[in-house]
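Visitor: What follows is a predicted structure for the sequence shown.
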Amino acid sequence: MKRIPSGFSKPYCRPAVLEDSLQPPSFRSRIRCPSKLQIRHASSSASRPRTALFFPGQGVQRVGMLTPWLEAFPTTAKPLVEEIDHLLGYKLSKVIEEGPHSLLTATENAQPAIMASSILILRVLEKEFGFKTNKRIDVVLGHSLGEFAALVAGGYVHFEDSLYLVRKRAEVMADCTRRACAEHGGEYGMVALVTEPNHLLPLIEAIHEFLGHDSAGSKSESSEDVPPIQQVQIANINSKNQIVLSGNIERIKTLLTHVRQFGGHDPRAVRLSSDSPFHSSLMKPASKAMRRMLEGKSRVKGRENEDLITFPGIMPCISNVSARSFQSKEELKDLWVRSCVETVRWWDSLKYLDQDQKVRRWLGIGPGKVGRNLVGKEVGMRGRDVVKGGGVWAISNPQEVEDVLKALDETENSREEE
């Protein structure tokens, strides 16, 4: 039997658009002449391949992840960073810039940091490069936490409101974990299991058999009667060969022993950089907090008497819970609330967009490359980030912008043969 290793391996004013005949400046030329802001065109075509914009979830945070953007685009990035600190009421930017890693990784800091960084990058693309999200993108989605950024990009919630929601929810989530530890003892977190593609569904069945419930998505109400120290649930189904378990770490080890000895499975286990068991019944207080907050009004100046949610948005947004687009304001609120405790159906979301909606171009925006890797593995050809009629790209640092926008331009009129 394999042992599990101890360290499981504000809206802003849009710039004036330049004449179409002007050639876009190179990234480096604009860095050398920051005082002369030039805007790169992001053309749109009715015949272009369907394009998805996706955002990463927790775990991609790293100290200094905004520094390259502040250095490359100070005119745009610095005011946004100052706005983030002002809205939160503390210098999150200092935590991101200086760390330490343990402080940035704490749930109440990591979640707003990742969401805010993702939207900052999108705003830089829009303002510095003239990228028109509503014309270049057909659908948005976010992996777990990334849904907060996706709903902003999709026009369903203002950045200020989303930042407030994610920070308050994260505080409740962190408190859920501290309370479980104090009252019941034990260690809590998340562990990714990687297996062979044709072994995934049998592995899930074996896990459900061990846990005593059958639903792959909804968490059983009976779990409320199970002490936290005994709780383990499937938090994510990320790909054809990867799922994530959430709950008590010792209980997860016991589960793995069971499926290895009696289920004939031997998945590789990797402890994730998470200090809380997200998407599990332990997060029910966070769901209740989200429901209360979503019934409140917007915090945006001039919208104080309006609903937090705008529906419809400017483009479809895929829910983590249903793996389909939100169909109404009330459904959006309900599924957003349920996402605290229910399984992230990322694999189902990708299959739906790839196979049913014929999305052929995938653009990831935000820190890290985890999101791109998950998408590329599922929709790419032979495991590569190459898609017939499109591709899979990610922008996490300024040096990647020009190449990605060029790739989008080159595939703008590329259509998959029917």
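Guide: Structure received.

Visitor: can we go C-alpha only for contacts and neighbour counts from here?
Guide: Will do.

Visitor: all strands of the stretch 51-200 of the chain, in order?
Guide: 139-142, 188-194 (DSSP state E, counting those that start in this stretch).

Visitor: Also the stretch 251-400 of the chain?
Guide: Under the criterion DSSP E, counting those that start in this stretch, the stretch 251-400 of the chain contains strands at 268-271, 359-365, 386-387, 390-395.

Visitor: And these: which comes nearest residue 247?
Guide: Checking these against residue 247 by C-alpha to C-alpha gives strand 268-271 as the closest, at 11.7 Å.

Visitor: pLDDT (mean, whole number) over the closest one?
Guide: In this model, strand 268-271 has a mean pLDDT of 95.

Visitor: Then stretch 140-156?
Guide: For stretch 140-156, mean pLDDT rounds to 98.

Visitor: Format the CA atom coordinates belonging to that stretch as PDB.
Guide: Taking Å, rounded to 0.1, in the frame of the first residue of the first chain, the C-alpha atoms of stretch 140-156 are listed here in PDB:
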ATOM      1  CA  VAL A 140     -17.400  33.100 -19.400                       C
ATOM      2  CA  LEU A 141     -16.700  30.600 -16.600                       C
ATOM      3  CA  GLY A 142     -14.600  30.400 -13.600                       C
ATOM      4  CA  HIS A 143     -13.100  27.400 -11.700                       C
ATOM      5  CA  SER A 144     -14.600  27.400  -8.200                       C
ATOM      6  CA  LEU A 145     -13.500  30.800  -6.800                       C
ATOM      7  CA  GLY A 146     -13.000  32.000 -10.400                       C
ATOM      8  CA  GLU A 147     -16.800  32.200 -10.700                       C
ATOM      9  CA  PHE A 148     -16.600  35.600  -8.900                       C
ATOM     10  CA  ALA A 149     -14.400  37.000 -11.600                       C
ATOM     11  CA  ALA A 150     -16.500  35.400 -14.400                       C
ATOM     12  CA  LEU A 151     -19.700  37.000 -13.100                       C
ATOM     13  CA  VAL A 152     -17.900  40.400 -13.200                       C
ATOM     14  CA  ALA A 153     -16.600  39.800 -16.700                       C
ATOM     15  CA  GLY A 154     -20.000  38.600 -17.800                       C
ATOM     16  CA  GLY A 155     -21.800  41.700 -16.600                       C
ATOM     17  CA  TYR A 156     -23.800  40.100 -13.800                       C
END
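
Visitor: in it, what counts as buried?
Guide: If you call a residue buried by 16 or more other C-alpha atoms under 10 Å, then stretch 140-156 has these buried ones: 140-156.

Visitor: so what's the closest residue to residue 333 other than its chain neighbours scoring on pLDDT?
Guide: Leaving aside its sequence neighbours, residue 333 sits nearest to residue 294 (C-alpha to C-alpha, 6 or more residues apart in numbering; 6.8 Å). Note for residue 294: predicted pLDDT of 97.

Visitor: still on that earlier bit, quick one, which of the strands of the stretch 51-200 of the chain gets closest to residue 330.
Guide: Among these, the nearest to residue 330 by C-alpha to C-alpha is strand 139-142 (18.3 Å).
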